[in-house]
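**Student:** sequence and predicted structure are below.
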Amino acid sequence: AVGEVDLTGLERLIARNGFVEEVAAYIRGGGELHLRITPREPLLRLLTDGRNAYVTREGYVFGAPRASSLYVPVVTGSYRPPFPADYTGDVRAYIDRRKQELDERIAELERTKYPVYRREQANDRAYREFRRKRIKRRWWKGESAEMFDKRVKALREEKAEERRRYRYRSRQLTAELDRIASQQEAERVKQKKLEKSYEDFMKLLTFVETVEEDDFWRSEVVQIAAYTTPSGALEVNLTPRSGGFTILFGRLEEVDLKFDKLLRFYRNGLSTLGWGTYRTIDIRYRNQVVCKK
């Protein structure tokens, strides 16, 4: 019966497929069930660091369904994107959640400073009160000058000992505050690295989009290998269709200039020297093409 059809459950079931962006199920007059499905259009396929996922231009990631394959650029290599291998969803949303978690951790650490601040204030207050301690000669008890001097000396020794204890407690409290501040700074560094990693990820998407929008490079670039350098920068190598060499593209900066330089080298260099002359073609450096046999 029409009234027994679970439209919400049907939509939920279909939406589990990563290729589905939006789905709407409804019944029209006459008992006809309609499904309106808007598909996702992947830009590339990630096969890096244990991942096997499609990524859209907007940065939406979903696992590659079994027995499915689209003709899109494939990115391989040791590059580690800024999200877990099993993540499905918008990458920007994931980054924002992680940054929010780090903000909460920083705030939690800030709250742990308050008891330390109170102990520090109590230490300062106790020391100030002790420093004001004075003794007077007990004339009414017939105290001798020698006995008074002994009491003065004892008080000075007590003050010296208390000063050492105060400085020791003060150093401990300062060290504890510094430790908490270091933990907070470590969380802030994580935030910066997370944002930088996201920027690199979006640069990779923009790079692939640039390749796909150019008729020549879309057919020439067979594979993109992405990896992270020891300094943390994202770099890529390209496998071309024309020869048996590897193109060391480097960082995803000045992309148009690098492709223009490579195309001129294709036309004025390899067309004369031969497509099998070199093993690697390095275009990472400004105004240079460095080749190795």
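**Tutor:** Nice, thanks for sending it over.
**Student:** quick check: Glu220 touching Gly243?
**Tutor:** No - using CB atoms under 8 Å, Glu220 is not in contact with Gly243, being 10.2 Å away. Bear in mind the C-beta positions are built from the backbone N, C-alpha and C, glycine included.
**Student:** so how far is the helix or strand hosting Arg163 off the chain centroid?
**Tutor:** Following DSSP states H and E, one finds Arg163 within helix 145-213. Helix 145-213 has its C-alpha centroid displaced from the chain centroid by 23 Å (CA atoms, centre = their mean, to the nearest Å).
**Student:** stretch 284-293 now?
**Tutor:** On CA atoms, centre = their mean, the centre of stretch 284-293 falls 31 Å from the chain's centre.
**Student:** buried sites along the helix or strand bottoming out on mean pLDDT in the chain?
**Tutor:** Lowest mean confidence among the helices and strands of the chain (mean pLDDT, DSSP states H and E): helix 271-273, at a mean of 81. The neighbour-count check on helix 271-273 (16 or more other CB atoms under 10 Å) flags nothing as buried.
**Student:** tell me what whichever helix or strand comes after it is packed against?
**Tutor:** Scanning forward in sequence from helix 271-273 by DSSP H and E, the next helix or strand is strand 280-282. Packing partners of strand 280-282 (3 or more CB pairs under 8 Å, 6 or more residues apart in numbering; DSSP states H and E): strand 246-251, strand 290-292.
**Student:** centre of the chain to the least confident helix or strand of the chain, how far?
**Tutor:** Per CA atoms, centre = their mean, the centroid offset for helix 271-273 relative to its chain is 44 Å.
**Student:** use 28 as the first number for this chain going forward.
**Tutor:** OK, 28 is where the count begins now, so the last one is helix 298-300.
**Student:** that older thread, which strands and helices sit next to the helix holding Arg190?
**Tutor:** Judged by 3+ CB pairs under 8 Å, 6+ apart, helix 172-240 is in contact with strand 69-73, helix 118-158, helix 242-247, strand 248-255, strand 261-267, helix 282-292.
**Student:** ranking the ones you listed by mean neighbour count, which comes first?
**Tutor:** Highest mean neighbour count among these (mean count of other CB atoms under 10 Å): strand 69-73, with a mean of 22.
**Student:** and that strand, which strands flank it?
**Tutor:** When pairing is defined by DSSP bridges, strand 69-73 lines up against strand 80-83 (antiparallel), strand 101-103 (parallel).
**Student:** could you export these as CSV, including mean pLDDT, mean neighbour count and distance to Leu73?
**Tutor:** As requested, the strands paired with strand 69-73 are exported to CSV (pLDDT from 0 to 100; neighbours: other CB atoms under 10 Å; distance: least, CB to CB, whole Å):
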stretch, mean pLDDT, mean neighbour count, distance to Leu73
strand 80-83, 94, 21, 5
strand 101-103, 93, 19, 5
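**Student:** and of the ones you listed, who's closest to Lys168?
**Tutor:** Closest to Lys168 of the strands paired with strand 69-73 is strand 80-83 (CB to CB; 89.9 Å).
**Student:** restricting to C-alpha, output that closest one in CSV.
**Tutor:** The C-alpha coordinates for strand 80-83 follow below in CSV (Å, rounded to 0.1, in the frame of the first residue of the first chain):
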residue,chain,number,x,y,z
ALA,A,80,38.4,7.2,-2.6
TYR,A,81,36.9,9.6,-5.0
VAL,A,82,37.1,13.4,-4.4
THR,A,83,34.9,16.0,-6.0
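**Student:** would you mark the buried spots in the helix or strand following that strand?
**Tutor:** Counting by DSSP H and E, the next helix or strand C-terminal to strand 80-83 is strand 87-90. Burial within strand 87-90, assessed by neighbour count using 16+ other CB under 10 Å, is assigned to 87-89.
**Student:** one step back: just send the strands paired with strand 69-73 back as JSON lines, with distance to Val263 too.
**Tutor:** Formatted as JSON lines, the strands paired with strand 69-73 follow (distance: least, CB to CB, whole Å):
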{"stretch": "strand 80-83", "distance to Val263": "15"}
{"stretch": "strand 101-103", "distance to Val263": "8"}
